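1. Got a predicted structure plus its sequence, pasted below:
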Amino acid sequence: MSSNYQLKRVDFIFKDEKDWKEILKNNINRPPQELINELISSELKGRGGAGFPTGLKWKLTAEVDDMTKYVICNADEGEPGTFKDREILSKVPFKVLTSMAVCGHVIGSKEGYIYLRGEYFFLQPELNKAICEFEQYCQEINFDFRIRIFMGSGAYICGEETALFESMEGKRGEPRNKPPFPSNFGYMGKPTVINNVETLAHTYTIFEFGAKRFYDLGVQYSRGSKLFSVSGDTPKPGIYELELGMSLEDFVDEFGDGDTKAVQVGGASGFLVPRKRFGETTIGFQGKLTGISLPTGGSMMLFNSSRSMYNVLDNYLEFFREESCGQCTPCRVGCQQLLNGIKAVKRGEKNALYLDKLLRLTETMQYTAKCGLGQSVANSFSSIVENFREEMIY
Amino acid sequence: MAKKIKITINELTVEVEPGTSILEAARETGVIIPTLCYHKDLCVAGNCRVCVVEIVGQKRLSAACATPCDEGMDILTNSFKVRNSRKHIIELLLSEHNADCTRCYKNGNCELQKLASDYKIMTQDFIRLVPLKNYTIDQFSPSIIKDDSKCIRCQRCVRTCEELQGVNALTVAYKGDRMKIATFFEKPMNDVICTNCGQCINHCPTGALVEKNYIEEVWDAIADKNCHVIVQTAPAVRVGLGEELGYEYGSRVTGKMVAALKRLGFDAVMDTDFTADLTILEEGTELLTRLKRALVNHDPDVKLPMATSCSPGWIKYIEHMYPEYLDHLSTCKSPQQMFGALAKTYYARARNLDPEKIVSVSIMPCTAKKFESNRPEMHDSGYRDVDYVLTTRELAIMIKQAGIDFMKLGDMPFDRLMGESTGAGVIFGATGGVMEAALRTAYELVTGRNVPFENLNIMPVRGMEGVKEASIRIENPLEQWAFLDGVELKCAVAHGLINAKKVMDSILSGKSQYHFIEFMACPGGCLGGGGQPIPTSPEIRRKRAEAIYAEDLGMPLRKSHQNPEIVKIYADFLEKPMSEKSHHLLHTKYSPRERF
């Protein structure tokens, strides 16, 4: 990659050009099929990190025959190092609300919920005001859609969509078995579309400017732009909207402090990329033909040479050990074993080969854990241990 | 019927109904997939992950119990990936489990131990997590011991307590590494809404939940020359005990059981069925008295429907959940406690024994009976009426300890005085049995004729449906019962506390108008009790029920009031049902409890 390449800054999400009322009115008068086709042709994928095609999600839910359906905005932004949804909800809440209403129109739902992360309680008053204004306008134009905020209680796992439903239903936030999927059996057992805050903000962009403007950004399999929460050893931490498909090297050129040793892409559940792999790594959804492509919910943490990767991993594992819901064996016990395991190796109680046993364990966790949490612990563990093995031991 | 789905399991093509899980499909095909959190009585949890299988083309493995078959699925249950993962998961479970097997009560009957043995987990590579946690054993309950260090968090107990019993005494608390099964505010088990039914014990795959056993105490009493140790055996024990000692599910081993008890050294072996018959006379009379007060005297204070009071789990449940309905309970003690009160009075007098020297032991299919015998209400003989309660399982342990080759034993009869029983007493062990026995006697008492059912078998109250209803129209009664002429006696039977809840709620809402309701805390009634052999399943309970009804059909006497020893006890001791003496010894009252 060339070093004079410029990162493509994009300015969609926080730009508030047109009146949201107009967008809402225009789009709820369009046939649902047309809106679904528009979303599908934009190739927008979920911005929470998992990357499920948004258009398909809406389509599947729209196809289910049920009087009651729900639209849920997942604002349980809990991934360490992510803080973009907070910004969207405080700066451009109407984009999110509008998209939820349009989604309601598409799938045939009259009720929307925003599942707001417990720690974001301070957003609630302003958001409620926005919802009031929004609902008032809906009434004016005779569009039947109401939105309510549901406050989370601070569990990371409740960002997992089915655990989120359980939590909303007043139960313990534990992921469900899948299938059935939310499009058939979601909140209260009803067909539900659940989208990340940023995803909804992007659908607004698509409804505002058309699919093509969005599709033209990014690369194959990873279309459009994305918000990145940049933190760690960087002179300019913050939130940036960038085009997908960028190379990590370019990213570090722009945001690094000149001494970047590694970048954690996608938060604690994502991957750590060491300097030697910056060039071959691009940021986007998997499916690119060559090189490594890493998806992310937006968290980009930069580490410089003053950081001990052992401490970084220890910190992540402590987080997972505590935030696992505890129901499935590989995740509950696996996280404890990984954490205790690296501590034992560090103290010399287990020899270095024990790390290999732990790496095989993460493989099992990836294959067998019930939900994304347990499955993704392997990502940071293996990428850190494989690349910084000596830091784990000495 | 929907079209069948074609799938492949380990290269064998099979057709299954839509909605069949991979686990069920595999079992139908003869492929065994190990499970831990799965139980036939409970909803699917899919959390232990021991049953993972590989679906060709998918990177991740799927839990066989929780994944429905899909057309064309190519499933491998023993691939390289599956084997490695499964072994890992068992190792993980063991690392978190207090694997002190030789000192565990469940040694030899532990599902985790069996898995460890099947997969030959010989090494301990992972770090042992038990010493890192501060586990305490909850032994405050007289019935149940809860040891979290042996818990594998499969949540079978939680689902049992919620789905089968509707009690929710056990729930999941905390998350991550601190996640555990806990009571309300982690209070001890005897301080919360737990009904001591023991269903959690029956459904626990490990030794995390076991009954508090009194085996040594009973051995000591037997060894004490100064003690006269008498034992009573509940109806459901005789169709369960065999399972622990090499017999098929639902084998009747009454005679061998009596022989074994005598070999163990009990001074007298008698039958709870006797007091079951006695209960019928007392409770039947009570019901008729209440009906008379309601229909003739129009007494507004009379409490109908009347509910049975044989099941101590149900008693504690109503004390917690519907205390305002306590007056609806029959005042009769359970057969166990009637027996206990009579053992130290009637029996002591007849045998000329000092009641203080009598040790009264009962063998029950039940853990709640341990709690019941410990109740302050149960000292009407002047002593503790029942000293020790052993479960069916504990009796089996004693038989094994004594070196008795159970299968080779000959049949022996119960001892006299309180050992005679009728078929009506036997069916107390099955759901609907108390109702059926009561109707057989009450109908005859009122009309002078047999209940209008073929062979006295009142089929509508039998079977495993959660709530059963029956009604009998009384026609041409005897003169003294003329007020009952044309009355349609409405009855309901509920087993499993979740069904008791349904019936109670329908009464509360005014939807149901019953006269008499039988409640049993455990699914299937006592034969599915919390003290019965493990495992349990709907099929096993059905087999035990068949055995109970076969035992009934084989009895020469099948109506409680025909029991000659019952006739005798009224003649010699109690005078008549609901007499003053009966009231003192055989009846009691219960009090409200907190609802947590």
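-> Thanks, I have it.

2. and whatever residue of the stretch 151-300 of chain B ends up closest to chain A, how far is that from B:Ala99?
-> In the stretch 151-300 of chain B, the residue that lies nearest chain A is B:Met179 (2.7 Å; Cβ to the nearest Cβ). No exception for glycine: its C-beta is placed from N, CA and C like everyone else's. To B:Ala99, B:Met179 is 19 Å away according to Cβ to Cβ, to the nearest Å.

3. Kindly report the same for B:Ser471.
-> Look at B:Ser471 and B:Ala99: by Cβ to Cβ, they are 55 Å apart.

4. cool, B:Val567 as well?
-> 57 Å.

5. Can you give me the buried ones in stretch A:84-103?
-> The neighbour-count criterion (16 or more other Cβ atoms under 10 Å in any protein chain shown) identifies A:84-89, A:92-103 as the buried residues of stretch A:84-103.

6. To clarify, my last question referred to stretch B:487-503.
-> For stretch B:487-503, the buried set under the neighbour-count rule, 16+ other Cβ under 10 Å, comprises B:487, B:489-503.

7. what about the strands in the stretch 201-350 of chain A?
-> For the stretch 201-350 of chain A, strands defined by DSSP state E, counting those that start in this stretch occupy the ranges A:218-219, A:222-223, A:225-232, A:238-243, A:260-265, A:271-274, A:281-283, A:292-294, A:299-304.

8. Adding distance to chain B and mean neighbour count, write these out as JSON lines.
-> As requested, those are exported to JSON lines (distance: least, Cβ to the nearest Cβ, whole Å; neighbours: other Cβ atoms under 10 Å in any protein chain shown):
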{"stretch": "strand A:218-219", "distance to chain B": "24", "mean neighbour count": "20"}
{"stretch": "strand A:222-223", "distance to chain B": "20", "mean neighbour count": "23"}
{"stretch": "strand A:225-232", "distance to chain B": "24", "mean neighbour count": "23"}
{"stretch": "strand A:238-243", "distance to chain B": "29", "mean neighbour count": "20"}
{"stretch": "strand A:260-265", "distance to chain B": "20", "mean neighbour count": "25"}
{"stretch": "strand A:271-274", "distance to chain B": "16", "mean neighbour count": "22"}
{"stretch": "strand A:281-283", "distance to chain B": "21", "mean neighbour count": "24"}
{"stretch": "strand A:292-294", "distance to chain B": "16", "mean neighbour count": "18"}
{"stretch": "strand A:299-304", "distance to chain B": "21", "mean neighbour count": "23"}
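
9. Comparing those, which yields the minimum mean pLDDT?
-> Here the lowest mean pLDDT among the strands of the stretch 201-350 of chain A goes to strand A:292-294, at a mean of 81.

10. Touching that one from outside, list them.
-> A:221-222, A:248, A:265-266, A:270-271, A:273, A:277, A:280-287 (Cβ atoms under 8 Å, 6 or more residues apart in numbering or on different chains).

11. For stretch A:343-362, buried residues please.
-> Here stretch A:343-362 shows A:344-345, A:350, A:354-355, A:358-359, A:361-362 as buried, counting by 16+ other Cβ under 10 Å.

12. got the residues of chain B near chain A?
-> Chain B comes close to chain A at residues B:44-50, B:52, B:59-61, B:63, B:66-68, B:81, B:84-85, B:88-89, B:92-93, B:95-96, B:125-127, B:129, B:132, B:152-153, B:155, B:172, B:174-179, as judged by Cβ under 8 Å from any Cβ of the partner chain.

13. about what we covered before: between B:Ser471 and B:Ala99, point out the one with more neighbours.
-> For B:Ser471 versus B:Ala99, the count of surrounding residues by other Cβ atoms under 10 Å in any protein chain shown is larger for B:Ala99: 21 against 13.

14. Contact partners for the more buried one?
-> The contact partners of B:Ala99, by Cβ under 8 Å, 6+ apart, come to B:Ala116.

15. name the element it belongs to?
-> Under DSSP states H and E, no helix or strand contains B:Ala99.

16. how about it, phi and psi?
-> phi -80, psi 50 (degrees, to the nearest 10).

17. contacts for stretch A:36-44?
-> If you take Cβ under 8 Å, 6+ apart as the criterion, stretch A:36-44 is touched by A:53-56, A:58-59, A:62, A:106, A:199, A:202-203, A:206-207, A:210-212, A:214-215, A:221, A:223-224.
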